[in-house]
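[1] quick one, what's the 3D model for this:
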Amino acid sequence: MALFDLARDAKTIDAVEASLTAVRDALGQSDDLRRLTVSPLVGRGVAVKTVLAVADQIGVDATTRSFLGVLAENRRLSQLPAIIRAFRTLASRHRGEIAAEVVSAHPLTDDQVAQLKQQLRQRVGREVSVDLSVDPQLLGGLVVRIGSQMIDSSIRTRLNALASAMKG
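    Numbering: from 1, shown residues only. A predicted model of the protein is given here:
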């Protein structure tokens, strides 16, 4: 991935990763921004200006800002979520960590995140970086993805399993 190579060469992996996390959070919080990234009706010039303005507003680093401009110019903003996930995976590997995607029903406290990292570290045998997101539809519990492995302890899944068992 070109963005990772640029960040590695400039020794700004952490700054770019933090900026991409800010972009991901902005996409999650703003329906307008999310629509801008996926709508084919938004003109190229408008998309570039808007994305760069948002980048300035949320304070992304120069490398990420330029990258967002290129994505907008090439009409590739819809690929941002996949690009962010891929970058985080590459950054984790570069640090010798394994990346885990964690979805919870409610935001986790710092203590809960620390405990989760500890448990995952024991399970996989190396440092784990976690990418946290919230999905209230889980009702409770967690869904953790580490590579191709998934651990689903959500209440929604347990209720669905119980409903299936009762039908049977």
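
[2] give me the number of residues near residue 114?
    11 (other CB atoms under 10 Å). Just so you know, the C-beta spots here come from the backbone N, C-alpha and C atoms, and that holds for glycine as well.

[3] so which helix or strand takes in it?
    If you go by DSSP states H and E, residue 114 is part of helix 110-124.

[4] packing partners of that helix?
    Here helix 110-124 touches strand 98-104, strand 128-134, strand 142-146, going by 3 or more CB pairs under 8 Å, 6 or more residues apart in numbering; DSSP states H and E.

[5] in this protein, which spans are helices?
    2-9, 13-29, 31-38, 44-58, 62-73, 80-94, 110-124, 155-167 (DSSP state H).

[6] other residues contacting the longest one?
    Under the contact criterion CB atoms under 8 Å, 6 or more residues apart in numbering, helix 13-29 has outside partners 3-4, 7, 33-34, 37, 54-55, 58-61, 63-65, 68, 80-81, 83-84, 87-88, 91, 94, 133.

[7] picking up where we left off before, the helix holding residue 114: how far from the chain's middle?
    18 Å (CA atoms, centre = their mean, to the nearest Å).
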